[in-house]
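[1] No letters, just coordinates:
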C-alpha cells in the first residue's frame, strides 16, 4: 500500500534514486497510478535537487494486487518520473514493467522498457 511517507525506488536515468510519497489521493493502488513525492536520495550533478516536488508513475508494487482474478506480488515499490500529463521525463527505463500499463495508454513508457512482466 502506498501511503504518505512511503519510499519509492526510481528506475529511470533521471539521477533520482529514492522518492518519498507526500500525497496520495487514491484508496486502491495498482501499477499506472500517479502519486506526488519529494526527492530524498540523488546521484551527483543532476538537474533535480533534494526536496524537489515530482510526480511518480507507479510501475511495480510490493503488496498483492489482482488482475483478471489472479493475484500478483512484486518485490519492491518502483516508479518512473513523469510530468503532469503522464509522459516520462527521461529516455531510458531500467527493467521491466507490468502489462496492465498497456491498457492505461502509457505507450511512450512502454516503448522505453525492455518488456513486460506477467
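    Yep, that arrived. Source: prediction; values computed, not measured. Residues are numbered from 1 along each chain as shown.

[2] alpha carbons only for contacts and neighbour counts from here, please
    Fine.

[3] what kind of secondary structure is the most centrally placed residue in the chain in?
    For the chain, the residue sitting closest to the mean C-alpha position, by C-alpha atoms, centre = their mean, is residue 79 at 1.7 Å. Under DSSP: H, G, I helix; E, B strand; the rest coil, residue 79 falls in the strand class.

[4] I'd like the numbering to begin with 12 instead of 1 from here.
    Renumbered: residue one is now 12, and that last one reads residue 90.

[5] doesn't residue 19 make contact with it?
    Yes - look at residue 90 against residue 19 with C-alpha atoms under 8 Å: they come within range, at 6.3 Å.

[6] still on that earlier bit, what residue, apart from its backbone neighbours, is nearest the residue nearest to the centre of the chain spatially?
    Take residue 90 and drop its neighbours on the chain: the residue closest to it by C-alpha to C-alpha, 6 or more residues apart in numbering is residue 69, 4.4 Å away.

[7] What's the local residue count around that neighbour?
    By other C-alpha atoms under 10 Å, 25 other residues sit near residue 69.

[8] if I pick it, what's in contact with it?
    41, 42, 43, 44, 45, 46, 88, 89, 90, 91 (C-alpha atoms under 8 Å, 6 or more residues apart in numbering).

[9] What about residue 14, how many residues nearby?
    Neighbours of residue 14 using other C-alpha under 10 Å come to 16.

[10] so who does it touch?
    Residue 14 neighbours (C-alpha under 8 Å, 6+ apart): 32, 33, 34, 35.

[11] Stretch 33-53: which residues count as buried?
    Within stretch 33-53, the residues scored as buried using 16 or more other C-alpha atoms under 10 Å are 33-35, 40-53.

[12] now residue 119, what's its secondary structure?
    Residue 119 - assigned by three-state DSSP - is helix.

[13] To clarify, my last question referred to residue 122.
    Applying three-state DSSP: residue 122 is helix.

[14] where does it land on pLDDT?
    Listed pLDDT for residue 122 reads 70.
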